[in-house]
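1. Curious how this folds, go ahead:
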Amino acid sequence: MLTDDPLYYDAFVIYNPAGKDLNFVKELADKLEAPPHKLKLFIPWRDDLPGSSRHEISAHMIATRYITYKPYQCTG
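-> The predicted structure is shown next:
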């Protein structure tokens, strides 16, 4: 269900879904979206809104879904 409530993301992942990146992105999401990091990643083709072109959707998500920058600190 789509709402007008803002969605917040910690990062926008850019990758080539037709290349070798897909497995890396899945592993990245599994690790970073789980504890202890609990980051919220926007991953195109997974989190896209329906309709329009993929580029328009990505631009819209970046402009309106409040992808914020949080400094990441490695804990070890």
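2. how near is the residue lying closest to Val25 once chain neighbours are set aside to Lys31?
-> Nearest in space to Val25, with sequence neighbours left out and distances taken as C-beta to C-beta, 6 or more residues apart in numbering, is Tyr15 at 5.0 Å. Bear in mind the C-beta positions are built from the backbone N, C-alpha and C, glycine included. Using C-beta to C-beta, to the nearest Å, Tyr15 is found at 15 Å from Lys31.
3. When the two are compared, which one has more neighbours?
-> Shown here are Tyr15 and Lys31; by other C-beta atoms under 10 Å, Tyr15 has more neighbours (15 against 10).
4. just checking, that one touches Asn23?
-> No: applying C-beta atoms under 8 Å as the test, Tyr15 and Asn23 come out as separate, 10.3 Å apart.
5. Please, which helix or strand holds Asn23?
-> Assigning secondary structure by DSSP states H and E places Asn23 in helix 21-32.
6. how about the strands in the chain?
-> Assigned by DSSP state E, the chain shows strands spanning 11-12, 41-42.
7. Does anything pack onto the first one? Which helices or strands?
-> Meaning strand 11-12. strand 41-42, helix 54-64 (3 or more C-beta pairs under 8 Å, 6 or more residues apart in numbering; DSSP states H and E).
8. Now do the same for that strand: mean pLDDT, whole number.
-> Taken as a whole, strand 11-12 has a mean pLDDT of 86.
9. What of the last one?
-> The average pLDDT within strand 41-42 is 89.
10. That one: partners in the sheet, and parallel or antiparallel?
-> With DSSP bridges as the test, strand 41-42 is paired with strand 11-12 (parallel).
11. quick one on the thing from earlier: does anything pack onto the helix holding Asn23? Which helices or strands?
-> Helix 21-32 packs on strand 41-42, going by 3+ C-beta pairs under 8 Å, 6+ apart.
12. remind me which residues of the chain are low pLDDT?
-> 1-6, 49-52, 54, 57-58, 61-62, 65-76 (pLDDT under 70).
13. Can you give me every residue that contacts the residue nearest to Phe24 when sequence neighbours are not counted?
-> Distances taken as C-beta to C-beta, 6+ apart put Tyr15 closest to Phe24, at 7.5 Å, once the chain neighbours are dropped. Tyr15 makes contacts with 21-22, 24-25, 43-44, as judged by C-beta atoms under 8 Å, 6 or more residues apart in numbering.
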